[in-house]
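Undergrad: Following is a predicted model, sequence given first.
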Amino acid sequence: MGNKDSKVINKWKNVPVREERCYEPIARCLIRSLIVPRIYFERIWPRSGGSRIDIIAIDRAGTGDIHVVEVCKTLNESLTEGVEIIAKIPAHYRWVAFQGEGLLPHNEDAEFKLLSEEPLLPETGMGRIGVIEVIRMARNDLGANIKVKAERFQVKDISTLIEKFVNHEKADIEFKE
Amino acid sequence: MKVRKFDRVRFLNYYKRAEEFYLAMSEEAEFERYNASALLGIHAAIALADSVTIYESGKRVAEEQHMDAVKFLKNICITKRVSKDGPHRLGQILSRKNSIVYGEHFKTIDTDELKSIRLNVERLFIWAYTNFKYLSKEINLRR
């Protein structure tokens, strides 16, 4: 890394960014593990009580599994409020995201909580909420990495909802036919 | 055209292979290994076409007869009355295979040729998901 780059990183070290700036790196992170997904920002997902979901990704050109992401500021916030919100959303894969390395100082207590995985697991049944860390990279670019991989939740009667949603909403990021 | 009979259930093996190659294609491109990425894309396309033809007809063209695979996929599109965009893209992808695998020039940068292979592979997958909806449903049920 050049001298200039390290100066830029030091200048911005532990300075958080606006939540919306995290959307694109998180979307890119999901695109890496999905196949031609459709991505939507800040949309209301049916059966979620009318609340807007920060990021929705529907795998396989809108015909596959649905991934939802709640973007939070700190790791602690993502493991408390974030998890509470996302756990109620009927989706196959549920994620929380937080601003980590280079954006906010390290929080040891929250890291231990993450290691225990306790907040991420449902009381009964299958599934685990995944965790994505947004990081500051060289030249003040943002990136995102998966800290804990999400596991599939069992969701009943969702395929018709997905189909309706895909037909009705225009994706913010999609692979063109 | 030389074709072999296949148990339709075995389409899933080809489909899983197609998805794995696809994800590897994206990953290699991210690491700027563009030739490897293109080759994985070509294999993803072949496996995807095989999975569709096996599911739809219970048959698959003999190995290495790639242009026959294009014709066979086209026949399926005619029978099923779906867009022929898929076989068209498959043909474009396969026409680059020899140059990528055996060509004497090694490309260290992401050339238009390599980019267009990835683009065609992405579009082939979209075509498959749009026209053969069982693909994503079946894989979720049987994973």
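TA: Happy to help now that I have it.
Undergrad: So which residues lie in contact with stretch B:23-40, not counting its own?
TA: A:31-33, A:35, B:21-22, B:41, B:44, B:96, B:100-101, B:106-107, B:109-111, B:113-114, B:117-118, B:121 (Cβ atoms under 8 Å, 6 or more residues apart in numbering or on different chains). Just so you know, the C-beta spots here come from the backbone N, C-alpha and C atoms, and that holds for glycine as well.
Undergrad: The residue most central in space within chain B: which element?
TA: Closest to where the C-alpha atoms of chain B average out (Cα atoms, centre = their mean) is B:Ala45, at 1.2 Å. Using DSSP states H and E, B:Ala45 maps to helix B:34-57.
Undergrad: Flag every buried residue along stretch B:28-47.
TA: Residues of stretch B:28-47 classed as buried: B:28-29, B:34-47 (neighbour count, 16 or more other Cβ atoms under 10 Å in any protein chain shown).
Undergrad: ok, those residues vs chain A, which is closest?
TA: Chain A has its nearest neighbour among the buried residues of stretch B:28-47 in B:Ala44, at 9.4 Å by Cβ to the nearest Cβ.
Undergrad: got a pLDDT number for the closest one?
TA: Looking at B:Ala44, its pLDDT reads 97.
Undergrad: In a strand, A:Thr124, correct?
TA: No - if the criterion is DSSP: H, G, I helix; E, B strand; the rest coil, then A:Thr124 is coil and not within a strand.
Undergrad: number of nearby residues for it?
TA: 5 (other Cβ atoms under 10 Å in any protein chain shown).
Undergrad: One more: B:Ile117?
TA: Counted with other Cβ under 10 Å, the neighbours of B:Ile117 add up to 27.
Undergrad: Just give me the neighbour total for the residue lying closest to A:Pro46 once chain neighbours are set aside.
TA: Leaving aside its sequence neighbours, A:Pro46 sits nearest to A:Leu161 (Cβ to Cβ, 6 or more residues apart in numbering or on different chains; 5.1 Å). Look at A:Leu161: counted by other Cβ under 10 Å, it has 16 neighbours.
Undergrad: My guess is A:Leu161 contacts A:Arg47. True?
TA: Yes - A:Leu161 lies in contact with A:Arg47 (Cβ atoms under 8 Å); the separation is 6.9 Å.
Undergrad: who touches both of those two?
TA: Counting by Cβ under 8 Å, 6+ apart, the residues touching both A:Leu161 and A:Arg47 are A:Pro90.
Undergrad: re the thing from before, which residues does the one helix or strand the residue nearest to A:Pro46 maps to contact?
TA: In this structure, A:Leu161 sits in helix A:159-168 according to DSSP H and E. Residues from elsewhere that reach helix A:159-168, judged by Cβ under 8 Å, 6+ apart: A:Arg38, A:Trp45, A:Pro46, A:Arg47, A:Ile58, A:Gly62, A:Thr63, A:Ile66, A:Pro90, B:Lys137.
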